[in-house]
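Colleague: Show me the folded form of this:
(one chain, ligands or ions: 1)
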Amino acid sequence: MTSETITLPTSEQIARAPKVLLHDHLDGGLRPGTIVELARANGYGGLPESDPEKLGTWFREAADSGSLERYLETFAHTCAVMQTRDALARVAAECAEDLAADGVVYAEIRYAPEQHLEKGLTLEEVVEAVNDGFREGERRARANGHRIRVGSLLTAMRHAARALEIAELANRYRDFGVVGFDIAGAEAGYPPTRHLDAFEYLKRENNHFTIHAGEAFGLPSIWQALQWCGADRLGHGVRIIDDIEVSDDGEVKLGRLASYVRDKRIPLEMCPSSNLQTGAAPSYAEHPIGLLRRLQFRLTVNTDNRLMSGTTMSREFAHLVKTFRYTLDDMQWFTVNAMKSAFIPFDERLAMINDVIKPGYATLRSEWLFPQTGSTPSATTGSGPA
Ligand SMILES: [Zn+2]
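Modeller: As a prediction, the model looks like this:
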C-alpha cells in the first residue's frame, strides 16, 4: 500500500535550494566579528559591545525594541566602520560569501554611497570599493563550491537632497556592477515625489529603480511610488493589503490600486522578519504574504537587514514553510518571481531561471525517490530479522 503525503522541505533542503534576493542592505548585513575588527582598526570607539556574540545580540535587541532611535542607532554603528576603501570591500566580499553559503544564486544588494564619505572617499570610490568586494566575494564563493552573482542598487536617502546626483551615479556605473536605484529612509513626511527629478532622469535613461513604499506608511505612498514616480518594484509594499477587503464568507475584493499592482505584475519585495520588528505586521501567521500569495501577487521573499533581524534567506523561508506549510513548489514560485523581477537583462534572467533555479528545485524534488534507508526494517533498534 502506498500513500501520498505532502512533505515540507527540511531546513537542510531549504538551505540547498537556489534562492534569489532583491532587497538586502549592505550596511544591515555585516558579520558582528567584522564590525568589532573594523572598529578597532579604524579607531571607532562607539560600539556598545566589544564581544562579537554580545554585539550580534545587541543589534537584534535594538531592532526589536520598537524604538526608532535605537533602530537607527544600529545603522550609525555599521556605517561608522564602513568609511574606508578596504572596509567597504571587505564587507561586500563577506556579504557575497555569506549569501552564497546560504544558497543564494543571485542578489541585488543596496547601499547609500552618500553615507560612506566621512573619511574623504568620493562617491565613485565608494561604488568601486563595493564592486571590488562583490567580485572578490563571488570568487571566494566559487572556490568554496558555490555560485553567486551580485549586483548593486544605489540608494538615495529620502530626507536628503542628493537623489538626482545618486541617480546619475547609478546610471554612470550601470554596466559596471550597478543594476539600479532605490530610495530609502523614513516614509512619513518624505514622500517619494520629493525626488521626482531623479526618477524622471532614470526613466529618460531607460534605467531601473525600486522605491521603499508601503512599509510604515500606507496606500498613498505606494500610489505615489507607482503612478507619480514610475517605480519598477516596491520595497515592502505590504500595506497594499489595506486596499483588499476580505468578507466574513471569504469573498475577496481588490480596490483599484491593489488590482493595478496585481494586474501589472508589480513585484513586491516582502521582508517578513523585518516587518515584524518594525510593526508593519504583527506575526508571521498574520503577515499579508499569506493572503497575497493566495491572490497571486508577484511576491518575492527577502531579508532586508540580516544583522538586525538575525536572519538569512533560509531562515525567512523556514518561517514561511512552518507558518503557511509552503512546499518546494511554493519556494520555487517565489524564487522565479524574484528572478523575473531582477534588474539584469531578460536573457540573463531567463538563463538563471531555466539553467540554475528550475534544475536546482527539480533535484530537490526528486530526492524522495532515492531514500537512504537501512537494509533491515528496523536496523537501529536491532528488532528486525537477523
Ligand atoms: Zn529596506
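
Colleague: buried ones in the helix ranked longest in the chain?
Modeller: Assignment by DSSP state H gives helix 123-143 as the longest helix of the chain. By neighbour count on 16 or more other Cβ atoms under 10 Å, the buried set for helix 123-143 is 123, 125-138, 140-141. C-betas here are computed from N, CA, C, even on glycine.

Colleague: Please apply the same query to stretch 104-121.
Modeller: Buried positions in stretch 104-121, judged by neighbour count with 16+ other Cβ under 10 Å: 104-116, 121.

Colleague: Redo those residues as a markdown table? Include distance to residue 269 and pLDDT.
Modeller: Output for the buried residues of stretch 104-121, formatted as a markdown table (distance: Cβ to Cβ, whole Å; pLDDT from 0 to 100):
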| residue | distance to residue 269 | pLDDT |
| --- | --- | --- |
| 104 | 15 | 98 |
| 105 | 17 | 98 |
| 106 | 14 | 98 |
| 107 | 12 | 98 |
| 108 | 10 | 98 |
| 109 | 13 | 98 |
| 110 | 10 | 98 |
| 111 | 16 | 98 |
| 112 | 17 | 97 |
| 113 | 20 | 98 |
| 114 | 22 | 97 |
| 115 | 20 | 97 |
| 116 | 23 | 98 |
| 121 | 28 | 98 |
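
Colleague: Nearest to residue 75, out of those residues: which one, please.
Modeller: For these, the closest approach to residue 75 (Cβ to Cβ) belongs to residue 115, at 8.2 Å.

Colleague: Doesn't residue 108 lie inside a helix?
Modeller: No - counting by DSSP: H, G, I helix; E, B strand; the rest coil, residue 108 is not found in a helix; it is strand.

Colleague: Now the nearest residue to residue 236 once chain neighbours are set aside, what are its backbone angles?
Modeller: What sits nearest to residue 236 in space, not counting adjacent residues and going by Cβ to Cβ, 6 or more residues apart in numbering, is residue 215, at 3.8 Å. Reported as degrees, to the nearest 10, the phi and psi values for residue 215 are phi -100, psi -70.

Colleague: now do residue 150
Modeller: Dihedral angles (degrees, to the nearest 10) for residue 150: phi -130, psi 130.

Colleague: where along the stretch 251-386 of the chain do the helices fall?
Modeller: Assigned by DSSP state H, counting those that start in this stretch, the helices in the stretch 251-386 of the chain fall at 256-263, 272-278, 289-294, 306-309, 313-324, 328-341, 346-352, 358-366.

Colleague: Tell me which of those sits most buried.
Modeller: helix 306-309 (a mean of 26; mean count of other Cβ atoms under 10 Å).

Colleague: follow-up on the earlier one: tell me, which of the helices of the stretch 251-386 of the chain is the model least confident about?
Modeller: Note on the helices of the stretch 251-386 of the chain: lowest mean pLDDT is at helix 272-278, with a mean of 91.

Colleague: helices and strands around that helix, which ones?
Modeller: Counting contacts by 3 or more Cβ pairs under 8 Å, 6 or more residues apart in numbering; DSSP states H and E, helix 272-278 is packed against helix 306-309, helix 313-324.

Colleague: Output those as a markdown table; include the columns distance to residue 175.
Modeller: What follows is the helices and strands packed on helix 272-278, written out as a markdown table (distance: least, Cβ to Cβ, whole Å):
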| stretch | distance to residue 175 |
| --- | --- |
| helix 306-309 | 28 |
| helix 313-324 | 27 |
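
Colleague: closest one to residue 273 among those?
Modeller: Residue 273 lies closest to helix 306-309 among the helices and strands packed on helix 272-278, at 4.3 Å (Cβ to Cβ).

Colleague: Report the contact partners of residue 104.
Modeller: With contacts defined as Cβ atoms under 8 Å, 6 or more residues apart in numbering, the neighbours of residue 104 are 19, 20, 21, 148, 313.

Colleague: where's it relative to residue 337, distance?
Modeller: Look at residue 104 and residue 337: by Cβ to Cβ, to the nearest Å, they are 15 Å apart.

Colleague: Also residue 185?
Modeller: With Cβ to Cβ as the criterion, residue 185 and residue 337 are 26 Å apart.

Colleague: all strands for this protein, in order.
Modeller: Counting by DSSP state E, the chain has strands at residues 19-25, 104-111, 149-157, 178-184, 209-213, 233-236, 244-246, 252-254, 268-270, 299-301.
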